[in-house]
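Undergrad: Okay, sequence plus prediction incoming.
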Amino acid sequence: MKLAEHNRIQLIWVQGRMGIDGNEIAEQLPREGASHPIIGPEPLLGISAKTAMEVIRDWTSRKHKEHWQSICGQKQT
């Protein structure tokens, strides 16, 4: 939506990928990129930031629940 504020956006459904200008290149470039060594700060994660945040949130929630249940005499209201 932010992009569309200042640009004309047109979405077109393409049934197949073979023979469509640009699609074969668009499929080839990620394969080429994946074959090169990664340059950047360590550690590297092969997952999206969203996935990482979901895993961290779930782990934190589970640990909080485990800790709360381990305290004698405490009840949640």
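TA: Looks like it came in fine. Numbers count the residues shown, from 1 in each chain.
Undergrad: what about the strands in the protein?
TA: For the chain, applying DSSP state E gives no strands.
Undergrad: quick check: longest helix of it.
TA: helix 49-70 (DSSP state H).
Undergrad: just for this protein, where's the confidence low?
TA: 14-20, 43-45, 74-77 (pLDDT under 70).
Undergrad: most centrally placed residue in it?
TA: Centroid-nearest residue in the chain: residue 48, 2.8 Å away (criterion: C-alpha atoms, centre = their mean).
Undergrad: For that one, give me its contacts.
TA: Not one residue lies near residue 48 by C-beta atoms under 8 Å, 6 or more residues apart in numbering. (C-beta placed from N, C-alpha, C; glycine too.)
Undergrad: What's the separation between it and residue 30?
TA: As judged by C-beta to C-beta, to the nearest Å, residue 48 and residue 30 stand 14 Å apart.
Undergrad: Residue 62 too?
TA: On the measure of C-beta to C-beta, residue 62 and residue 30 end up 34 Å apart.
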